[in-house]
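**Q** next come a sequence and a model predicted from it.
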Amino acid sequence: MKPVPVIAIDGPSASGKGTVAQRVARELGFHYLNSGALYRLVALAVTRQGIDVSDEAAAAAVAVRLPIPRFEADEIFLEDRPVTEAVATEQCSAAASFVAALPRVRQGLLERQREFRRLPGLVAEGRDMGSVVFPDASLKVFLTASLEARADRRHKQLKEKGIAATLAGLLQDLRERDARDASRSVAPLKQSPGARLLDTTSLSAAQAATLIVGWYRGANG
């Protein structure tokens, strides 16, 4: 039997992975995995329990017990409760970046992520979908954009949600997050072998999604 097809979309924070991946999933009728949300949920639980984000053993225990979330449109549900706004804050995002660098947390979430692989297929987005979680993915894409474009996108997202932020602060935050993601010892952010590079600086989410769907259908048509 052929393995369930996976489209792995990796890239840095605010590169547009989530929006693009959801569009690709809808177009193909595939399931969708926002792996970053899993780390945000762990970070949310860790901070709510008063656990230090650097406490690897405690954070890993939280990751292992984490219920499987559900993704519907732009909403994230945990045990049927919407948690989208709770995990969207910059505080939670920053905590998630630290938690995601902990090897035992990543190991604890590995099989959880693979459980999303179901027929007819999966579009998975994150930092290590093609390199670690789904190394046999049918299509691997490394999606990126200029730092300025990414900061501007994040600023607009936060503004729409009524969250105050400055472009200068977001630029610095993204620089620091990129450095942490690229330098961590386990599953660092990088373009995996065989991944197609897609720079979305001058592309809309719809244009990027159309390109990826075309690549997938061209390879599997």
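**A** Alright, I've got the coordinates. Residues are numbered from 1 along each chain as shown.

**Q** pull out the buried positions in the helix or strand encompassing residue 106.
**A** Per DSSP states H and E, residue 106 falls inside helix 103-114. Of the residues in helix 103-114, 104-106, 108-109, 112-113 count as buried by neighbour count, 16 or more other CB atoms under 10 Å. Just so you know, the C-beta spots here come from the backbone N, C-alpha and C atoms, and that holds for glycine as well.

**Q** now those residues in a markdown table, with distance to residue 204?
**A** Shown next, in a markdown table, are those (distance: CB to CB, whole Å):
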| residue | distance to residue 204 |
| --- | --- |
| 104 | 39 |
| 105 | 34 |
| 106 | 32 |
| 108 | 36 |
| 109 | 31 |
| 112 | 32 |
| 113 | 28 |
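
**Q** among those residues, which two are most distant?
**A** Distance extremes for the buried residues of helix 103-114: the farthest pair is 104 and 113 at 15.1 Å, using CB to CB.

**Q** show me where the protein has helices.
**A** Secondary structure of the chain (DSSP state H): helices at 17-28, 35-48, 56-65, 84-87, 90-99, 103-114, 147-160, 167-183, 205-220.

**Q** pLDDT weak spots in the chain?
**A** Within the chain, the ranges that satisfy pLDDT under 70 run 1, 221.

**Q** what about 80?
**A** Applying pLDDT under 80 to the chain flags the ranges 1-2, 73-74, 90, 161, 219-221.

**Q** what about residue 2, neighbour count?
**A** Counted with other CB atoms under 10 Å, the neighbours of residue 2 add up to 5.

**Q** and if you look at residue 156?
**A** So residue 156, with other CB under 10 Å, has 10 neighbours.

**Q** what do you get for residue 86?
**A** Neighbour count for residue 86, taken as other CB under 10 Å: 15.
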